[in-house]
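Participant: The amino acid sequence is not available; the structure is as follows:
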């Protein structure tokens, strides 16, 4: 099982969930649509690739195979150190599923939401530079997917509609390494002494920065924006959906670093409150 694949799916879901949370808050998106996007976000961050465990031929038990995997993935070690309760629960879940012969996808689907939740919980505490770096890698992943095909890009963001893709197979090694390194650095820093503190001024600025991005989206794509909350109706418009996602992410990225990071944090907090 390739555990890198699971850790990579959580953050993508976080981006759309937060954006849709604010769109719903402003009445621009239905509650049901936001819920769909929240599920999508979780499915996108496949940071762990479950095939890695199955490659541990020398390990005799499921527990031993899981523990061998942890020694190879720094982020798992970080979670074990700072989130021991979460780590224990994940370990128990995975071991039980492995013992009953669950498929890779079943294991991923079971633990992915927990990684996504952790990512969204820690992101608001990260520095401006780290928050912006996280999203830059996500943009690069999306661009690489779309270069392969619009369908691959769509599946990357909406695996529940047509089935997902394996980022480990489709993204470049350089991008995957940056994904893992960036995630690890971000999580590690949020457990240190220099955690970011969100101020009321930052939240107010984030609200002001979001509105023109969303209005521009509606001006450019019209009612197609609703496809973000109804991806099952996007057949034949996969390119439009991917273009909209990139426009949203690039719109935030184009802001000065502190404001871009502030908007991402605000979106994360809104998603956590939903």
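Facilitator: Great, that's in hand. Quick caveat: nothing in here was measured; it's all calculated off a predicted structure. Numbering: from 1, shown residues only.

Participant: Wait, residue 83 touches residue 119, no?
Facilitator: No - Residue 83 is beyond contact range of residue 119, at 11.8 Å (criterion: C-beta atoms under 8 Å). C-beta: built from backbone N, CA, C; applies to glycine.

Participant: Name the residues of stretch 174-194 that come out as buried.
Facilitator: Using 16 or more other C-beta atoms under 10 Å as the burial criterion, the residues of stretch 174-194 that qualify are 175-176, 178-180, 182-190.

Participant: what pLDDT, on average, does that stretch get?
Facilitator: The predicted model assigns stretch 174-194 a mean pLDDT of 86.

Participant: chain center to it: distance?
Facilitator: 13 Å (C-alpha atoms, centre = their mean, to the nearest Å).

Participant: Flag the shaky bits of the protein, pLDDT-wise.
Facilitator: 1-60, 104-105, 108-109, 112, 270-274 (pLDDT under 70).

Participant: got the residue ranges for the strands in it?
Facilitator: Counting by DSSP state E, one finds strands in the chain at the ranges 8-9, 45-49.

Participant: Neighbours of residue 249, how many?
Facilitator: 21 (other C-beta atoms under 10 Å).

Participant: isn't it right up against residue 137?
Facilitator: No - using C-beta under 8 Å, residue 249 is not in contact with residue 137; the gap is 10.8 Å.

Participant: Wait, residue 239 touches residue 151, no?
Facilitator: No - Residue 239 is beyond contact range of residue 151, at 9.1 Å (criterion: C-beta under 8 Å).

Participant: For residue 129, which non-adjacent residue is closest in space?
Facilitator: Closest residue to residue 129 apart from its sequence neighbours, by C-beta to C-beta, 6 or more residues apart in numbering: residue 257 at 6.9 Å.

Participant: And residue 126, by the same measure?
Facilitator: Leaving out its chain neighbours, the residue that sits closest to residue 126 by C-beta to C-beta, 6+ apart is residue 186, at 4.9 Å.

Participant: Residue 250 too?
Facilitator: residue 139 is the one closest to residue 250 (C-beta to C-beta, 6+ apart), at 6.6 Å.

Participant: now residue 240
Facilitator: That would be residue 224: by C-beta to C-beta, 6+ apart, it lies 5.3 Å from residue 240.

Participant: ok so, going back, of the buried residues of stretch 174-194, which is the nearest to residue 99?
Facilitator: Nearest to residue 99 among the buried residues of stretch 174-194, counting by C-beta to C-beta, is residue 180 at 27.8 Å.

Participant: Just the buried residues of stretch 174-194: which are in helices?
Facilitator: Within the buried residues of stretch 174-194, residues falling in helices by DSSP state H are 175-176, 178-180, 182-190.

Participant: quick one: which of those residues is nearest residue 127?
Facilitator: residue 189 (6.5 Å).

Participant: Quick one: residues contacting the closest one.
Facilitator: 126-127, 130, 195 (C-beta atoms under 8 Å, 6 or more residues apart in numbering).

Participant: Quick one: those residues as CSV, columns for neighbour count and distance to residue 162 too.
Facilitator: Shown next, in CSV, are the contacts of residue 189 (neighbours: other C-beta atoms under 10 Å; distance: C-beta to C-beta, whole Å):
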residue, neighbour count, distance to residue 162
126, 25, 32
127, 17, 37
130, 20, 33
195, 13, 39
